[in-house]
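> Mind looking at a prediction? Sequence and model below.
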Amino acid sequence: MLLSTPTVRDLERLTARVLESSTRTAGARLDAYREDDTFYIDIDLPGVDPASIDITVDGKMLTVRAERGRADRENVRYLIAERPVGTFSRQVRLSEKLDTDRLEARYDNGVLTLSIPVLQERRPRKIELVAAGR
């Protein structure tokens, strides 16, 4: 049961604003891992319109931005508004060993998955000498 006194509603609105602000600045949560020759980053972006997701790579700095809003409804006054809205941003410094030119992105069930191939390391190789006249 929700309490509905004006004081409680004001306190809930203030708390929601503080929580929204702290959540937005903290960024979206992520997991980063390597599987075989591919590096993956999974970023939680629930409720985000895929069209609002912006992914950029500048040098080795990966930046992901997304926006989540609240549905506009006429004559609606929220009693509780805990789900964060606004712009979410996350930056990750990538290794030089990743091929960012071949980065791929997929958004499924509120999770943005970025896959980045790992560059093959150049190893010393032996050069066979071919004798003249052969």
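Perfect, I can see it now.

> Check which helix or strand the closest residue to residue 100 other than its chain neighbours maps to.
Among residues not flanking residue 100 along the chain, residue 57 sits closest, at 4.7 Å (CB to CB, 6 or more residues apart in numbering). From N, CA and C alone the C-beta is placed, and that goes for glycine too. Assigned by DSSP states H and E, residue 57 belongs to strand 54-58.

> which strands and helices sit next to that strand?
In terms of contacts (3 or more CB pairs under 8 Å, 6 or more residues apart in numbering; DSSP states H and E), strand 54-58 is packed against strand 61-68.

> could you check the angle strand 54-58 makes with the strand it packs on?
Relative orientation of strand 61-68 versus strand 54-58 (axes from the mean of the first three to the mean of the last three CA atoms, to 10 degrees): 170 degrees.

> So which elements touch strand 61-68?
Strand 61-68 packs on strand 54-58, strand 86-93, strand 111-117, going by 3+ CB pairs under 8 Å, 6+ apart.

> Please state the offset of that strand from the chain centre?
Offset of strand 61-68 from its chain centre (CA atoms, centre = their mean, to the nearest Å): 6 Å.

> same deal with stretch 105-117?
Averaging C-alpha positions (CA atoms, centre = their mean) puts stretch 105-117 9 Å from its chain's average.

> now swap in stretch 47-60 and tell me
How far stretch 47-60 lies from its chain's middle: 7 Å, per CA atoms, centre = their mean.

> in it, what counts as buried?
By neighbour count with 16 or more other CB atoms under 10 Å, stretch 47-60 contains the buried residues 48, 53, 57.

> Ok, stretch 83-100 next?
Using 16+ other CB under 10 Å as the test for burial, stretch 83-100 gives 84, 88, 90, 92, 94, 98, 100.
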